[in-house]
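Novice: Fold the following for me, if possible:
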Amino acid sequence: MSISTDSHAVVHKFVPGASKPVRRKRPTHGWVPWLFVVPALVLLAIFFLVPIIQAVWISLSHWPGAGPVQLSGTANYTSTFESSEFYSSLLLTFLFAIASAFGIVAIATILAAAVSQNVRGARFYRVIWFIPGMAPAAAVAVYWTTAFQPGIGTVNVLAGILGLGSNSAPLASAQLAIYPIIFVSIWSGVGFAFILILGGMEQIPISVYEAAKIDGASPLRQFFSITLPLVRPVLSITATLNLIWAFNNFTTVWGMTNGGPGNATTTLPVLVYRTAFVSGDFGDATAIAVVAGAILLALGFISLRLTQAKSED
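Specialist: The predicted structure follows:
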């Protein structure tokens, strides 16, 4: 007996003694997919791996910035870890980075929560709060340095109007100079964080808030019990990004105080710059940069792991 099939029939081949049909394996392309990855790998090697290898090599040498490189082993790292200036700069960098990241995220969260409630003028606030983040860092540093000048600066003029005196010079004080820089870092960083956090808040379904209102939850209770828990991943990522950016911030610090007075505002990026371009020791400077990079990499890894753990919970 012959079995006739049309063009749309599917013929299954069975292995003797088996009840399941044998499915043909899809052909593998072998090395073909790698052709699409190679350009990215080449760019990664040129702009990422090669500079890292070169930086580590320079950190193991004495090099004034020109001429031959003289290898010195781990002498630069030894001097770095024995330097009290390095540890004071490291602590100051942590203070600056943590205070900046916390201030940025806290203020941006409050502003985003206000705008997400469709307050009057919400569209205007979306624009005006983002403007500081668009300004060049060098221009921001110059403006605020002038604003903090005694007598003529905007900050001192306003302080004089409020009866607080108009002759304060915080940037010239070794005890106070870091705090105006932290303020400027927060002022210029809130805009970008505000956009990120607002985007996360706008993804929360309206029905969740409506159910909370029916249950009698106040706006403050909704913020702490609904908004914050649901945007926690966004807050964690935003805090991590701002921590990294503040840790690497050079322009604001150098533009406002040049790391002074004395070493009062000498963060690690400023210390690297001074060691390389003022003292002319690129080996020591690169060693400091490598150590700072390793610390920052560890902080980023820990932060992402904590974020992932909280997201899974």
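
Novice: does the closest residue to residue 145 other than its chain neighbours belong to a helix or a strand, and which?
Specialist: Once flanking residues are discounted, residue 145 sits nearest to residue 256: 4.9 Å by C-beta to C-beta, 6 or more residues apart in numbering. All C-beta spots, glycine's among them, are computed from the backbone N, C-alpha and C. Residue 256 is located in helix 251-257, with elements delineated by DSSP states H and E.

Novice: Against which helices or strands is the stretch of helix or strand residue 101 belongs to packed?
Specialist: Secondary structure assignment for residue 101, by DSSP H and E: helix 84-116. The contact analysis (3 or more C-beta pairs under 8 Å, 6 or more residues apart in numbering; DSSP states H and E) places helix 84-116 against helix 122-128, helix 178-201, helix 232-247, helix 268-273, helix 282-312.

Novice: tell me the mean pLDDT for the helix holding residue 256?
Specialist: On average, the pLDDT along helix 251-257 is 95.

Novice: which strands and helices sit next to that helix?
Specialist: With contacts defined as 3+ C-beta pairs under 8 Å, 6+ apart, helix 251-257 has these neighbours: helix 137-147, helix 178-201, helix 268-273.

Novice: Export those to TSV and append columns for mean pLDDT and mean neighbour count.
Specialist: Shown next, in TSV, are those (pLDDT from 0 to 100; neighbours: other C-beta atoms under 10 Å):
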stretch	mean pLDDT	mean neighbour count
helix 137-147	94	16
helix 178-201	94	21
helix 268-273	96	22
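
Novice: what sits up against the helix holding residue 256?
Specialist: The contact list for helix 251-257, computed with C-beta atoms under 8 Å, 6 or more residues apart in numbering, reads 96, 137-138, 140-142, 144-145, 171, 177, 180-181, 184-185, 188, 259, 264-265, 267, 269-270, 273.

Novice: quick revisit: mind checking how far the helix holding residue 101 is from the chain centre?
Specialist: Centre-to-centre, helix 84-116 and its host chain are 11 Å apart (C-alpha atoms, centre = their mean, to the nearest Å).
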